[in-house]
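S.K.: What shape does this take:
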Amino acid sequence: MQYPSEEDFRGFVKVIQKEEFTITKYLPAISDDWYISVAECIKYAESTNPYLNLDVVQEAARILYKIVKKHDLADSNKRSAVIGVFLFLLLNDHAVLDPERLKSEAKRIAKTKGRKNEDLIINRVTESLSEFVVHISIDD
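M.R.: Below you'll find the predicted structure:
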């Protein structure tokens with residue numbers, strides 16, 4: 001699995017800010033601190049995944065959860081999570097067919113109290129993501 005780095009986020013944001021892509025509306029306020037913080041969330045997910053043996057969609061659900069629940073992102077956790085998962089999926093040859101549903105999943109996670117039932121929530125998010133995240137092949 002490939003995980004986006006801080007440099008990947010910088011490049012991705014630069015590209016989507018140039019044009020009006022569907023995903024552009026989910027961009028949070030971008031600063032150097034944002035790049036660092038969201039990249040740290042991804043690094044944490046990457047460092048703990050080898051022990052979990054997850055597939056790409058399961059890992060995307062876990063990343064979504066981790067970024068939404070990260071408190072130092074102030075008020076942009078949900079939007080940051082959408083961008084982070086979108087880029088993670090692209091790097092792993094997957095596409096989000098419905099970004100609005102991805103945002104809805106982030107909102108659903110945000111409404112949960114604390115980190116209680118984290119595994120159950122991630123499993124439910126995985127089921128939902130499976131409905132609108134697809135594998136893409138550049139060779140096709």
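
S.K.: Just the helices from this protein, written as ranges.
M.R.: 6-18, 32-48, 56-69, 77-91, 99-110, 118-132 (DSSP state H).

S.K.: show me the contacts for the residue lying closest to residue 130 once chain neighbours are set aside.
M.R.: Spatially, and ignoring its direct neighbours in sequence, residue 130 is nearest to residue 57 (5.6 Å; Cβ to Cβ, 6 or more residues apart in numbering). C-beta coordinates here come from the backbone N, C-alpha and C atoms, glycine included. Listed by Cβ atoms under 8 Å, 6 or more residues apart in numbering, the contact set of residue 57 reads 94, 126, 129, 130, 133.

S.K.: which of the residues you listed are buried?
M.R.: 94, 126, 129, 133 (16 or more other Cβ atoms under 10 Å).

S.K.: Do you know the pLDDT at the last one?
M.R.: Put plainly, it is residue 133. pLDDT, residue 133: 98.

S.K.: what does the third one give?
M.R.: In the predicted model, residue 129 carries a pLDDT score of 98.

S.K.: That one touches residue 106, doesn't it?
M.R.: No. Assessed by Cβ atoms under 8 Å, residue 129 is found out of contact with residue 106, at 11.2 Å.
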